[in-house]
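>>> Build me a model:
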Amino acid sequence: MVIAIVVVIVSWWLNISAPEWMVVLGCIGTVLSLEMINSAIEKICNLVHPTYHPAIKTIKDMSASAVLFVSIISTIIGAIIFLPKIHAF
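Numbers count the residues shown, from 1 in each chain. Model prediction:
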């Protein structure tokens, strides 16, 4: 959430365009939504099998990997949007 707030402030400060706002907010929404889904999956896994189980570990790892992947892609998108503006500044 802290990074999302910083990104919104920097976006406002750099005066990004409306389409860039849509992409930035889409990335923020996607990462936060996927993080909530990841947390829900982990809670369900802990409820179903409270002790260690290899299949539960795989499920949790895959869920966390989805969040990591979307975060990396969102960072790349952010770099594409922000780096030219920061460089021009």
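>>> Would you mind finding the longest helix in the protein?
As assigned by DSSP state H, the longest helix anywhere in the chain is helix 54-88.
>>> Could I get the average pLDDT for it?
Averaged across helix 54-88, pLDDT comes to 96.
>>> For it, enumerate the helices and strands it packs against.
helix 2-14, helix 18-48 (3 or more CB pairs under 8 Å, 6 or more residues apart in numbering; DSSP states H and E). From N, CA and C alone the C-beta is placed, and that goes for glycine too.
>>> ok now do the spatially most central residue of the chain, which residues does it touch?
Most central in the chain under CA atoms, centre = their mean is residue 31, positioned 2.5 Å from the mean C-alpha point. By CB atoms under 8 Å, 6 or more residues apart in numbering, the residues touching residue 31 are 4, 67, 70, 71, 74.
>>> Quickly note the distance from it to residue 80.
16 Å (CB to CB, to the nearest Å).
>>> Between helix 2-14 and the longest helix of the chain, find me the angle.
Put simply, helix 54-88 runs at 20 degrees to helix 2-14, going by axes from the mean of the first three to the mean of the last three CA atoms, to 10 degrees.
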